[in-house]
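Sequence first, then the predicted structure, then my questions.
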Amino acid sequence: MALALTLSAITAVAQQQARLSLQTVVEKAEAVIDADGRPRQELRSVEIAVPGDEVVCTVVFTNIGEETADNISVTEAIPDDLRFVADSAFGPGTDIAYSVDDGSSFAAPDELMVQLADGGQRPATTDDYTHIRWILKDPLEAGARGFVRYRAVVR
């Protein structure tokens, strides 16, 4: 069974003091041989993915305002059809936090707990992650752009 990945299924939200343009791109890493005969990975656009495929989700953000933006965070919901790959979230100049409660709260992986039906708790696993938040450490100049990304496996 194939899964159609659409931008409407994978959306990012930016919280900031200025205007940001956001674009989410879903790609697959494919093995290719470069001109020197060395193997390497290349990201290629994907519209259809099947269970077990690993995809790379990248959010590109641009400050389209006329002033420097500060206090920026980019939050990405992980679709139910994807399972986050441990330690794959990346964003130059960012701090990264995760949510297991549909984005209500965020914390470092070792601080995340899942509520159990009996009232107890257990440590969260990457299967429990619902959102990722990247917090930019530095302001973003007008016209500047950046990106954040993570890997996930289609369920």
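Great, that's in hand. Numbers count the residues shown, from 1 in each chain.

so Lys137 sits right up against Ile96, yeah?
No - contact criterion C-beta atoms under 8 Å: Lys137 and Ile96 do not qualify, at 11.1 Å. (Each C-beta comes from the backbone N, C-alpha and C, glycine too.)

Mind checking which of these two has more residues around it?
Counted by other C-beta atoms under 10 Å, Lys137 and Ile96 do not tie: Ile96 has more neighbours, with 16 against 11.

Not counting sequence-adjacent ones, nearest residue to that one?
Ranked by C-beta to C-beta, 6 or more residues apart in numbering and with sequence neighbours excluded, the top spatial neighbour of Ile96 is Ala89, at 4.9 Å.

so the one you found touches Ala152, yeah?
No - with contacts counted by C-beta under 8 Å, Ala89 stays clear of Ala152, the gap being 10.1 Å.

ok, back up a step: which residues does the residue nearest to Ile96 contact?
With contacts taken as C-beta atoms under 8 Å, 6 or more residues apart in numbering, Ala89 has the following neighbours: 96, 98, 132, 134, 148-150.

Report the set of residues contacting both of Ala89 and Ala152.
By C-beta under 8 Å, 6+ apart, Ala89 and Ala152 have no common neighbours.

where along the protein do the helices fall?
Defined through DSSP state H, the helices belonging to the chain form an empty list.
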